[in-house]
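[1] this one's sequence-less:
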């Protein structure tokens, strides 16, 4: 995997780059749609590729491990073959889901014992095991097994957790570096900076992660309830320490404004369930602002959702029609809304990239942050 | 509207024709996907057009009248403008839904008083009112307001109901012929043959309907629980009486085998919720037979749903992946299954048409009826 830094904004820390993977190139900054169980909810692979122009999608190790399970994934030849997505895929380590979804989890030095949220069956995720699972899934980029601390979090807990996450990382690296991809192409392992919202812990972690010299680095444990200003403070602190010549991935972030602000601080990669999850409730992100398409005010609005974007979801259907679909609880409503929101998110990062290359990112970002967060 | 009969099968009563409407041509025999509330459930307009190659879709007057309502439809410029479907549309009269969905309906000579299944509000559907509503919806083909008798049904009830349906038809025709389309194109009114499964009533009704000389004719009140053989007997009886030079539409039918058998008896047009409704439960119709894709036996089947068809739903995704989507209750499962089943239904009638034109329909039909109803 190679990463080329192609432009840096003169007024901010924003960067434009290109990340080459075994399944193709990713132009950064990039937003990665979340495909938890090997499917970006309500969006077909054709729509993702042709209309949304997604360059990379996420899969969740926890979900894929439970269903369809490793036997099916191995028999299919990995997730790319299983779901027909031939562009890059990134998988998380399952750590976050073990804490947020499963019942009766028990965190020990060895790893995490948990019960499946589906059938209550008992499982162990260890750093080594999670590397092996991600070898079977076969994503281009795989994530280290970490503990994502909740917010707020006691300093002592965050400090102890961070040390364990670092020890787990060394076990991940050892396992990863002593194994090979199962399907004839290279995978890359990204370590994750933790440390809650404590500056000294974040600095310590960023330095530890940077020292590993991996092909890319991630920032975890943010966007978990802390104020946005605190998130930006941590991101900037960490980005200033992480190597410049490697991509930086801020996990689970965020609103359109969050993404623009973090691009300005030096982040290259983002993922978040927000565009698809909110879409399923009728919340649409547009170039002009945010609209709740279920509101009565759109009942007679026969203009498209967002004429400035491409793709049928944004330009073919009218607001009145999409509102009607939500009123009737018709599946096409969430389908259109999900495809539209992702089209917007991909447009946003593509446009940000153009502005960085043109050296005009800073004033554009100031304007856009206000515009895209306006309530329509 | 014009209908050209292009070929007749030498061994059966099957016909191939072409129906020209204001929104384009329909090659018969044809299957019409059901778009109850102005959307074919879980299928986008782009998929319907490009992948499924639907030539005409249905809308339900009852549903559209309640939501989005006539004000929105009128403001949009009719249903074609509202949902973006620029090919032909047919609307039913709402009669069937009034009986099957609404609460406390009261059938009188004037019309039917009913309460909305959505909010309990009270409404009256009369023959004149339903014509006016269908003018506002603006479908290319609209249906007369009738009573669809349940099965089984007492002879006396069926006879009295039939007479009322015939009186209602005359009121429909009077209203329809004294009004014009609202959006600058012609609509056609199809009357409906009723009479339950009583031969004499069906003959009487078919003769009455034929005598109206409308641009097309429909057969209603079948596929409501009666044995298939009884349905075929009624269809044949009625088709032999209805004019040869007008299209014949058998309402609400049916399984792939039902469709092939009824084509052989002289039916030109079909609609049914089966391909989409069953799809949402994981039942797939294929050229090789019927499969329940949720079964464990497909967990490791990495072949496409049906390689003999076109379109990504049938050929891009594997059975194992679609099964996984249903296991996880992911929306993409019903989306793929719905698009696939409709692709199959449209393939079936297109193939039937080719066989009629080639004069080989009869032996092909015998083989296909067995093949498509095989349990895989």
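    Sure thing, it's come through. Owing to the predicted nature of the structure, the values given are computational and were not obtained by experimental measurement.
[2] list the contacts for residue A:181?
    A:135, A:138, A:187 (Cβ atoms under 8 Å, 6 or more residues apart in numbering or on different chains). The way it works is simple: take the backbone N, C-alpha and C, and place the C-beta from them, glycine included.
[3] between these, which is closest to residue B:115?
    If you rank these by distance to residue B:115 using Cβ to Cβ, residue A:138 comes first, at 55.9 Å.
[4] that closest one - nearest residue in space that isn't next to it in sequence?
    Using Cβ to Cβ, 6 or more residues apart in numbering or on different chains and skipping residues adjacent in sequence, the residue nearest residue A:138 is residue A:78, 3.0 Å away.
[5] can you report how many residues lie near the one you found?
    By the criterion of other Cβ atoms under 10 Å in any protein chain shown, residue A:78 has 21 neighbours.
[6] would you mind measuring from it to chain B?
    Remark: distance between residue A:78 and chain B (Cβ to the nearest Cβ, to the nearest Å) = 12 Å.
[7] go ahead and confirm that residue touches residue A:183.
    Yes - contact criterion Cβ atoms under 8 Å: residue A:78 and residue A:183 qualify, at 4.8 Å.
[8] overlap in contacts, those two.
    Shared contacts of residue A:78 and residue A:183 (Cβ under 8 Å, 6+ apart): residue A:138.
[9] what pLDDT does residue A:98 get?
    Predicted confidence (pLDDT) for residue A:98: 84.
[10] then the one 3 residues further on?
    According to the predicted model, the pLDDT of residue A:101 comes to 78.
[11] how about the nearest residue to the most centrally placed residue in chain A, chain neighbours excluded?
    Computing the C-alpha centroid of chain A and ranking residues by Cα atoms, centre = their mean puts residue A:271 first, at 1.8 Å. Spatial nearest neighbour of residue A:271, excluding adjacent residues (Cβ to Cβ, 6+ apart): residue A:32 at 4.3 Å.
[12] please report how far the one you found lies from residue A:279.
    In this structure, residue A:32 and residue A:279 are 16 Å apart, going by Cβ to Cβ, to the nearest Å.
[13] so between these two, which is more surrounded?
    residue A:279 (27 against 24).
[14] can you pull out the helices in the stretch 251-376 of chain A?
    For the stretch 251-376 of chain A, helices defined by DSSP state H, counting those that start in this stretch occupy the ranges A:256-264, A:274-280, A:312-315, A:319-327, A:332-358, A:361-372.
[15] quick one: closest of those helices to residue B:130.
    Residue B:130 lies closest to helix A:319-327 among those, at 20.9 Å (Cβ to Cβ).
[16] quick one: work out the angle between that closest one and helix A:332-358.
    With axes from the mean of the first three to the mean of the last three Cα atoms, to 10 degrees applied, the angle from helix A:319-327 to helix A:332-358 works out at 130 degrees.
[17] so which residues on the stretch 201-350 of chain A come close to chain B?
    Within the stretch 201-350 of chain A, the positions near chain B by Cβ under 8 Å from any Cβ of the partner chain are A:299-300, A:302, A:312, A:316-318, A:320-321, A:324-325, A:327-328, A:330-332, A:334-336.
[18] among those, name the buried ones.
    Among those, those classed as buried by 16 or more other Cβ atoms under 10 Å in any protein chain shown are A:299, A:312, A:317-318, A:320-321, A:324-325, A:327-328, A:330-332, A:334-336.
[19] roughly how far apart are the residue lying closest to residue A:110 once chain neighbours are set aside and chain B?
    Nearest residue to residue A:110, sequence neighbours excluded (Cβ to Cβ, 6+ apart): residue A:126, at 5.9 Å. Note on residue A:126: its distance to chain B, by Cβ to the nearest Cβ, is 25 Å.
[20] which residues touch the residue nearest to residue A:271?
    Contacts for residue A:32 (Cβ under 8 Å, 6+ apart) come out as A:54, A:56, A:57, A:58, A:90, A:269, A:270, A:271.
[21] of these, closest to residue B:15?
    The nearest member of the contacts of residue A:32 to residue B:15, counting by Cβ to Cβ, is residue A:54 at 47.0 Å.
[22] isn't that closest one right up against residue A:45?
    No - if you go by Cβ under 8 Å, residue A:54 and residue A:45 don't touch, sitting 9.4 Å apart.
[23] which one of these two has more residues nearby?
    Applying other Cβ under 10 Å to residue A:54 and residue A:45 shows that residue A:54 carries more neighbours, namely 26 against 23.
[24] so what's the more buried one closest to, chain neighbours aside?
    Closest to residue A:54 by Cβ to Cβ, 6+ apart is residue A:48, at 4.7 Å.
[25] sec struct for that neighbour, please.
    Assigned by DSSP: H, G, I helix; E, B strand; the rest coil, the conformation of residue A:48 is helix.
[26] likewise for residue A:40?
    Assigned with three-state DSSP, residue A:40 falls in the coil class.
[27] give me the element residue A:207 is part of.
    Applying DSSP states H and E as the criterion places residue A:207 in helix A:199-211.
[28] chain center to that helix, what's the gap?
    21 Å (Cα atoms, centre = their mean, to the nearest Å).
[29] and the host helix or strand of residue A:165 with helix A:199-211, angle?
    Secondary structure assignment for residue A:165, by DSSP H and E: helix A:155-177. Using the same axes, to 10 degrees, the direction of helix A:155-177 lies 10 degrees away from that of helix A:199-211.
[30] now do helix A:155-177, average pLDDT.
    Mean predicted confidence for helix A:155-177 is 98.
[31] the helix or strand following it packs against which elements?
    Once the chain leaves helix A:155-177, the next helix or strand it forms, by DSSP H and E, is strand A:188-190. In terms of contacts (3 or more Cβ pairs under 8 Å, 6 or more residues apart in numbering or on different chains; DSSP states H and E), strand A:188-190 is packed against strand A:141-143, helix A:155-177.
[32] strand A:188-190 pairs with which strands, and in what direction?
    According to DSSP bridges, strand A:188-190 forms sheet pairs with strand A:141-143 (parallel).
[33] who's in contact with the partner strand?
    A:1, A:21, A:56, A:61, A:88-93, A:131, A:134-135, A:176, A:187-190, A:192, A:216, A:218.
[34] low-confidence ranges in the stretch 151-300 of chain A?
    Within the stretch 151-300 of chain A, no range satisfies pLDDT under 70.
[35] can you tell me the residue of it closest to chain B?
    Among the residues of the stretch 151-300 of chain A, residue A:300 lies nearest to chain B; the distance is 5.3 Å by Cβ to the nearest Cβ.
[36] surely that residue touches residue A:321?
    No - look at residue A:300 against residue A:321 with Cβ under 8 Å: they stay out of range, at 11.0 Å.
[37] run through who's touching the helix or strand that contains residue A:64.
    Element membership of residue A:64 [criterion: DSSP H and E] is helix A:61-66. The contact list for helix A:61-66, computed with Cβ under 8 Å, 6+ apart, reads A:36-38, A:73, A:79, A:91-94, A:96-98, A:101-102, A:116, A:118, A:123, A:125, A:130, A:133-134, A:137, A:143, B:328.
[38] quick check: domain ranges of chain A?
    Here the domain parsing of chain A from automatic domain parsing is A:31-242, A:281-376.
[39] kindly reformat the ones you listed as CSV containing distance to residue B:8.
    Shown next, in CSV, are the domains of chain A (distance: least, Cβ to Cβ, whole Å):
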stretch, distance to residue B:8
domain A:31-242, 40
domain A:281-376, 39
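[40] out of those, which comes closest to residue B:289?
    Taking these one by one with Cβ to Cβ, domain A:31-242 is closest: 23.6 Å.
[41] ok now that closest one, how far from the chain's centre?
    With Cα atoms, centre = their mean, you get 10 Å for domain A:31-242.
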